[in-house]
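# need a 3D model of the following:
(one chain, ligands or ions: 2)
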Amino acid sequence: MGIVSPGFRRRRRDDDVQLPPGQYLTEDFPVLSAGPTPNIPLDRWEFVIASETGQEYRWTWDELQELPAEEPTVDIHCVTKWSKLGTSWRGVSLDLLMEDVETTADYALAHSYGGYTTNLPLEDLLDGKAWIVYEYEGSELAPQHGGPARLLVPHLYFWKSAKWVRGLQLQEFDELGFWESVGYHDYGDPWREQRYAGD
Ligand SMILES: Nc1nc2c(c(=O)[nH]1)N[C@H]1C(S)=C(S)[C@@H](COP(=O)(O)O)O[C@H]1N2
Ligand SMILES: [Mo]
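Ligands and ions are numbered 1, 2, ... in the order given. Okay, here's the model as predicted:
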């Protein structure tokens, strides 16, 4: 007893970690985009939260950079079944951006440069669960991964993390986004394997 060969100790990471059902681990970072990568000059970039009453709250690129940043390290889960563990990002929490927003809305529809949309309950964007991120692993966010800035909502399937995010429309009703309107799940909890409508 007590003699354990190094080879025996070296367990594969897949066996050690808890992954959502049906997911496998990947070390690389696949790119999944439904359309071309938009080019957004930073001097014209803005992020807009529009409330259900039509009131708008705007941030330029420089204003976003001046806000206190957080550095979340999170696991991400794509509906095409890859999961990537311990990804680190830098950006501004939605809690901070929503601080002065007056709303009684229950839902948000995220809009991206290029036209992509995805819908979420507003509460899934609050309480430390979502960020507008502009750095990945210590470098500026690459265009193919959503740079200049993307939404990061790691507790839901990664299609909810809108790349090239441009704003949020807050509303009292749930309006389906791009993938949700062609059969993907309205909510998309990877731990409940909510891939498609009806799951
Ligand atoms: N604007 C935009 N955001 C998007 C997408 C897209 O096509 N357009 N694809 C989504 C999907 S399906 C996934 S899995 C992730 C992929 O992000 P990645 O390309 O950085 O891996 O972005 C999500 N956000
Ligand atoms: Mo995806």
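# up against ligand 2, what does this protein have?
Where proximity means C-beta under 5 Å from the ion, the interface of the chain facing ligand 2 comprises 32, 78-79, 159. Bear in mind the C-beta positions are built from the backbone N, C-alpha and C, glycine included.
# please spell out the PyMOL selection for the buried subset of the residues you listed.
Command for PyMOL that selects the buried part of the residues of the chain next to ligand 2, burial taken from 16 or more other C-beta atoms under 10 Å:
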select buried, resi 78+79+159
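# among the residues of the chain next to ligand 2, which two are most distant?
The largest distance within the residues of the chain next to ligand 2, taken as C-beta to C-beta, falls between 32 and 79 and amounts to 9.2 Å.
# ok, now which ones touch residue 78?
Residue 78 sits next to 30, 32, 157-159 when contact means C-beta atoms under 8 Å, 6 or more residues apart in numbering.
# try it again at 7 Å.
32, 157-158 (C-beta atoms under 7 Å, 6 or more residues apart in numbering).
# for it, report the pLDDT, please.
Taken from the predicted model, the pLDDT recorded for residue 78 is 98.
# same deal with the one 4 residues further on?
The confidence metric pLDDT takes the value 98 at residue 82.
# find the nearest non-adjacent residue to it, please.
Of all residues not flanking residue 82 in the chain, residue 26 sits nearest, at 4.3 Å (C-beta to C-beta, 6 or more residues apart in numbering).
# quick one: stretch 98-110 near ligand 1?
No - on the criterion C-beta under 6 Å from any ligand atom, stretch 98-110 is out of touch with ligand 1, staying 8.7 Å away.
# first-to-last residue distance for that stretch?
Between the start and the finish of stretch 98-110 there is a gap of 14 Å, counting by C-alpha to C-alpha, to the nearest Å.
# who touches it?
Under C-beta under 7 Å, 6+ apart, the answer for stretch 98-110 is 49, 51-52, 55, 57, 117-122, 125-126, 151, 162, 165, 168-175, 177.
# got the buried residues for it?
Neighbour counts over stretch 98-110 (16+ other C-beta under 10 Å) mark 98, 101, 103, 105, 107-110 as buried.
# about what we covered before: the contacts of residue 78 into CSV, with extra columns for pLDDT?
Rendered in CSV, the data for those read as follows (pLDDT from 0 to 100):
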residue, pLDDT
32, 95
157, 98
158, 98
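# out of those residues, which sit inside strands?
When strands are assigned by DSSP state E, not one member of the contacts of residue 78 lies inside them.
# near ligand 1 too, which of the residues you listed?
Of the entries in those, the ones placed beside ligand 1 under the rule of C-beta under 6 Å from any ligand atom are 32, 158.
# residue 186 and ligand 1, how far apart?
Computed with C-beta to the nearest ligand atom, to the nearest Å, the distance linking residue 186 and ligand 1 is 15 Å.
# numbering from 41 from now on, please.
Sure, I'll start numbering at 41, so the last one becomes residue 226.
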